[in-house]
Structure formats: structure tokens, C-alpha cells
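In: Quick one: sequence plus predicted model below, questions after.
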Amino acid sequence: MVLVFAESKNGQFKKATFEAVTYGKQTADILGVECHAIVIGSADNPAHLGQYGASKVHHINNNALDHFSSQSYTAAIAKAAEIIGASTVIVNHSSTGKSLVGRLAVKMNAGSVAGANHLPEIKDGVFTVKKNVFSGKAIAEYKISSKNRVLSLMGNTLKPEVTGSDAPVEIVDLPVGESKLQVISTDLQQGTVAPLPEAELVVSAGRGMKGPENWGIIEDLANVLGATTACSRPVADTGWRPHHEHVGQTGVAIRPNLYIAAGISGAIQHLAGVNSSKCIVVINKDSEAPFFKAATYGVCADLFDVVPKLTEAIKKAKA
Amino acid sequence: MKYLVCISRTPETTAKIAFTDGNTQFDKNGVQYILNPYDEWYALVRALELKEAGGGTVTVINVGTAENDAVIRKALAIGADDAVRIDTDPKSAMNVAKQISEYVKSNPHDIILCGKETIDYNSGEVGGMIAEFLDIPFVSYGEHLDIEGSSATVKRDIEGGSQTVKVNLPAVISAAKGMAEQRIPNMRGIMMAKRKPLNIVPAVPFEDAATVIGYTLPEGKSAVKMIDPENMDELVRLLQEEAKVL
């Protein structure tokens, strides 16, 4: 059986969670088994996961698991997998899932692949799955030879797909040890757009903006698209934009459907964080900017002229 | 306070990525190797800062062959007190974690630090695996770390913000940007590094469960399509109809 850990935040499932359940269902189909989901902590309407392919939802609602701790969540998921007989466990490659994947692999004595971005295959009876390596410059195919397997799924690997109806939910009571971790505070940015690692549309800008006071045109473009804003490293380092907006090798690695980069030359460290984007639009007045080589579409012109025009064109198309 | 910093050797950021033996082996030919930046800039430097402020020792540990000694010496030049190399050529994250956790079982440390991931395999699994082998807490993506008595306070990156957590020691913490600033080794450090101990330890037997069987290069992107700056309607149309991303 395949067991998907369905992450929730403040009781809500995220789009990435529906992706993971969809991926779990498709993996289960390949293996010829059922797909179940496990929910930990408060969640509105866990039965809804059935629509994405979970034939049953196990819900652990234990006060000791209100706050995420990799140690206690690992113990809970591994125990549940053992009880229901699941040998393949799937989590998201999110901040939560990344803290779980390695731990779960050890706990379950499983082979693991962190950041899988293709559906697995069975080749000559062996389970194989691919992921990006060398910061997106190559793809590696892994074989997992153990009975148990743990995968973390890279965001935006597939689209969530509604294939079924609500699933039965079973409340599970598991004994959980005392947590050695205590959450002091959580700060989330306000706003309705998706955080960068989950964003499908990203508008990013660099030193070509000349100063932080000019960011209005970038925000306008992002607003009309419903996109998340990002920036290059020098811009974050000089304090023009907050650090959490920095995408690239040392910042956040993203893989949106659309990445629009204005006034970013495209240093190799920046490309390492964005080259998995499905479509890249580069706006730069320097025709020699290396970023053009990695772009799908390029506009060689002054961004202060082009960006507002692009915003208007999108408004018009959406009207 | 005893700090253990796990370090990896990775190809340099701009290295050409190619493969040999029917695309099953990474082509090391002409590749420059470095200390994995997250291990060096953030994990190691923060351990040194904490030691300088509160006392203790900083040991770096690597799982690899003698090929890795040069980057291990660099970590000593930056300021680590001593180094351990577990002598094997690991093919999986779990083997690395197994070797390090076996070492820690007989040589206890209060804090085990590692970078958030290596820049070659981008998995970030080793820290959590060590923690599970030792049954101790693991906090990933720390962008700030402080030690007080027998606990650590870590500010970590989460989607759309940050979270501050407190954990009992011993614990494993992975380091991301913000935890410290890169330090360049000086001549005195480089000279001293030559005399610092680098202990070679034999590996324990391990059987891999997940290994790479082959590599491919991403499909070459088709050449960039240049758009007339006066015709943004055309760009929007292509984004909708050709790229299908709007």
C-alpha cells in the first residue's frame, strides 16, 4: 500500500498536499495497490482527500502533535504505515517534508529519494524514480531495492487531479512520546499570494531596478498576474528587498510555471535556483545578458518601459 | 560544548556536469572540488562563533576517501580544532548518516551541524537520518542558532515565513543562509591546519537501499524567442497559447 502524509497548515490542506495525494494514487496504480492518506493534527474535512485518490484517510488528532516535530511525526507516520501495511510513504518536499524524509527512511529501514519529480517506474521488477541533481543541471534515476520506500515529492511535479469522491476517515489513536522540541513563535508574511517555494507564477527583479523605490512596477505586474515577487541575491544583500525573496543557489530554489525576470543578468548561481521553471521570460536591456540563453522568451529593452506595457497587455487579455 | 560539523566535498558551482560509463558515473575529469558551501559558510562558521563565545571544541567529520583530505584541511584552516574522516566511498545519504551516527555513539557531541543540503545531490537527508539513528531532535533550515545551557534556539525557514523553536541537546541542526557569514582562511590558519589532527576511522559495513543507476541531462532548451518590446500583446498570447502558463 501507498501512504501519503497530507500536510495541513492551520487546518487547511495546501495545493501541494493535493499534488502529493494525486501522485500517491498514480504511484499506487503503478504498483497495483491502494493509496491511503494520513493527516496529523487539526484539519478541516480530511474526507476531501478521497477526491484526489485516497481510498481511506487516517486522522491522528493528538494534542502532543499540535506542533511539528520531525521526531514525533516520524514516529507517528512510521507506526501508522506499519499498522496498515504501507511499504511506500510519500511526503511533500516542503520544509516539513524535508525534515521527515530522511528520518522516515531510517525509521522504516527504507530506501529514500528526496525531491522526486517524476512518477516512479517498475523496471525488471525494480522500483526506480527520478529527481533533479546538480541544482537542476542533470537528472538522476535512483533504484530502491528495499521493501520499504520513502519519497518526498517536488512541488509542481504534476497537477492535482480529482478522480474520486470523499473517503472514509478513521480516527487513529497512537501513543506519542513527549516532544523534545518546543515551538516559541511562528511568523508568516501577510497576504494571499502563494509563498515562493509553492508559487506557480513568479515575478522577479534585480539590480537593473536601480533602487528599492522603483519596485512599484514589479508589484503591479505581480498583482495583475496574482504572482509572488522574488529578487536576485545582490538586491537582497543590499537590503532593497527582504531576504525571503532571494531566489538562487543560496536562497530559495523554485520551479514555477512562469518565471519573469526583469533586470537580472542571470549569473550561474541565480540560474541554479530557477532553471527548473517551466517557462522563463527575461527582460533586460543588455542583449549580452547570459540569462537570455536560459530563457523561453526574451525582451531586449529598458525594463522601465517594458514592464508597465506587459502589465497593461495582461490586464487587457484578462478583461 | 562539543560541536560536530558534518562536511561534504562537492563539485564547484560552475563545474561542467557530464557523465561517463554509459551515463552511470559522474565525470570527475577537470572538475574542481570545494567544501559544500552550506557546510562551510553557515554550519562550520556558526559552530566556530559559538565556540569562540562560549567555549568548547569544533570537530569536522567527513565520510569519504583520501581524495577529500584537501577540503578537510580547508575546514581546519578556517578554524576547526580537529577532523575525522571515515574511510569509505559512500553511494547513498544513508550510508553517510550511518557512519557518522556510529562515530557519535562512541564519541558523543552536544550539537551536530550540517549544511541544509549538498549542491550536488540536493537531498538534504543526512541530518535527519543522523538524528533518527541517534533518536534525537532534528531542526532543518536553521537561519539563526543560539545555545543556552542544554538547549538550542533555532529560527528556521518555513513556507512563507519563519518559525522559532527550542530543542533539548543533543540535537542535529541543518544550516541555511543567514546562520553565519563566510570566513576566508588566513595564512596562519592554513599553516596551523597542517598540524591539526585528521583521524582516519574505518567504516562500519553498510548495504545501500537507494542508489543512482543512471543520469541524463535535461532536454536542451529551444533557443530563446525574442519578442518586439513594442508588442507585449504578442508575449501575452505566446504565454497563453504556446507556453500555456497563463
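Out: Everything's here; your move.
In: could you pull out the helices for the stretch 1-150 of chain A?
Out: With DSSP state H, counting those that start in this stretch as the criterion, the stretch 1-150 of chain A has helices at A:15-31, A:70-84, A:95-107.
In: will you turn those helices into JSON lines that also has mean pLDDT?
Out: Shown next, in JSON lines, are these (pLDDT from 0 to 100):
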{"stretch": "helix A:15-31", "mean pLDDT": "97"}
{"stretch": "helix A:70-84", "mean pLDDT": "95"}
{"stretch": "helix A:95-107", "mean pLDDT": "97"}
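In: ok, for the residue nearest the centre of chain B, nearest residue in space, not its chain neighbours?
Out: When CA atoms, centre = their mean is applied to chain B, the residue found nearest the centroid is B:Gly115 (3.5 Å). Take B:Gly115 and drop its neighbours on the chain: the residue closest to it by CB to CB, 6 or more residues apart in numbering or on different chains is B:Tyr38, 2.6 Å away. Backbone N, C-alpha and C define where each C-beta goes, glycine included.
In: Surely A:Gln182 forms part of a strand?
Out: Yes. A:Gln182: assigned to a strand according to DSSP: H, G, I helix; E, B strand; the rest coil.
In: Which residue ranges make up each domain of chain A?
Out: Following automatic domain parsing, one gets these domains for chain A: A:2-172, A:196-318.
In: Make JSON lines from the ones you listed and add distance to chain B to it.
Out: JSON lines is the format used below for the domains of chain A (distance: least, CB to the nearest CB, whole Å):
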{"stretch": "domain A:2-172", "distance to chain B": "3"}
{"stretch": "domain A:196-318", "distance to chain B": "3"}
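In: any chance of those domains in CSV, plus mean neighbour count?
Out: Listed next are the domains of chain A as CSV, based on neighbours: other CB atoms under 10 Å in any protein chain shown:
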stretch, mean neighbour count
domain A:2-172, 21
domain A:196-318, 20
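In: Let me have the ones you listed in JSON lines, extended by distance to B:Glu102.
Out: Formatted as JSON lines, these follow (distance: least, CB to CB, whole Å):
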{"stretch": "domain A:2-172", "distance to B:Glu102": "13"}
{"stretch": "domain A:196-318", "distance to B:Glu102": "31"}
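In: do you know which of these lies nearest B:Pro108?
Out: The closest of those to B:Pro108 is domain A:2-172. By CB to CB, the value is 18.1 Å.
In: Tell me who's in contact with the nearest residue to B:Leu35 once chain neighbours are set aside.
Out: What sits nearest to B:Leu35 in space, not counting adjacent residues and going by CB to CB, 6+ apart, is B:Val71, at 4.6 Å. Contact analysis of B:Val71 by CB atoms under 8 Å, 6 or more residues apart in numbering or on different chains lists B:7, B:9, B:33-35, B:62.
In: at 7 Å instead, please
Out: B:7, B:9, B:33-35 (CB atoms under 7 Å, 6 or more residues apart in numbering or on different chains).
In: List the buried residues for the helix or strand harbouring it?
Out: Counting by DSSP states H and E, the element that carries B:Val71 is helix B:69-78. By 16 or more other CB atoms under 10 Å in any protein chain shown, the buried positions in helix B:69-78 come out as B:69, B:71-78.
In: Make JSON lines out of the residues you listed and add pLDDT.
Out: Converted to JSON lines, the buried residues of helix B:69-78 look like this (pLDDT from 0 to 100):
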{"residue": "B:Asp69", "pLDDT": "98"}
{"residue": "B:Val71", "pLDDT": "97"}
{"residue": "B:Ile72", "pLDDT": "98"}
{"residue": "B:Arg73", "pLDDT": "98"}
{"residue": "B:Lys74", "pLDDT": "98"}
{"residue": "B:Ala75", "pLDDT": "98"}
{"residue": "B:Leu76", "pLDDT": "98"}
{"residue": "B:Ala77", "pLDDT": "98"}
{"residue": "B:Ile78", "pLDDT": "98"}
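In: these two touch, right, the residue nearest to the centre of chain B and B:Leu44?
Out: No. If you go by CB atoms under 7 Å, B:Gly115 and B:Leu44 don't touch, sitting 8.8 Å apart.
In: which residues of the stretch 51-200 of chain A score low on pLDDT?
Out: For the stretch 51-200 of chain A, applying pLDDT under 70 flags the ranges A:191-192.
In: Please enumerate the strands of the stretch 1-150 of chain A.
Out: For the stretch 1-150 of chain A, the strands defined by DSSP state E, counting those that start in this stretch cover A:2-5, A:8-9, A:12-13, A:35-40, A:56-60, A:88-92, A:111-116, A:121-123, A:126-133, A:138-144, A:149-153.
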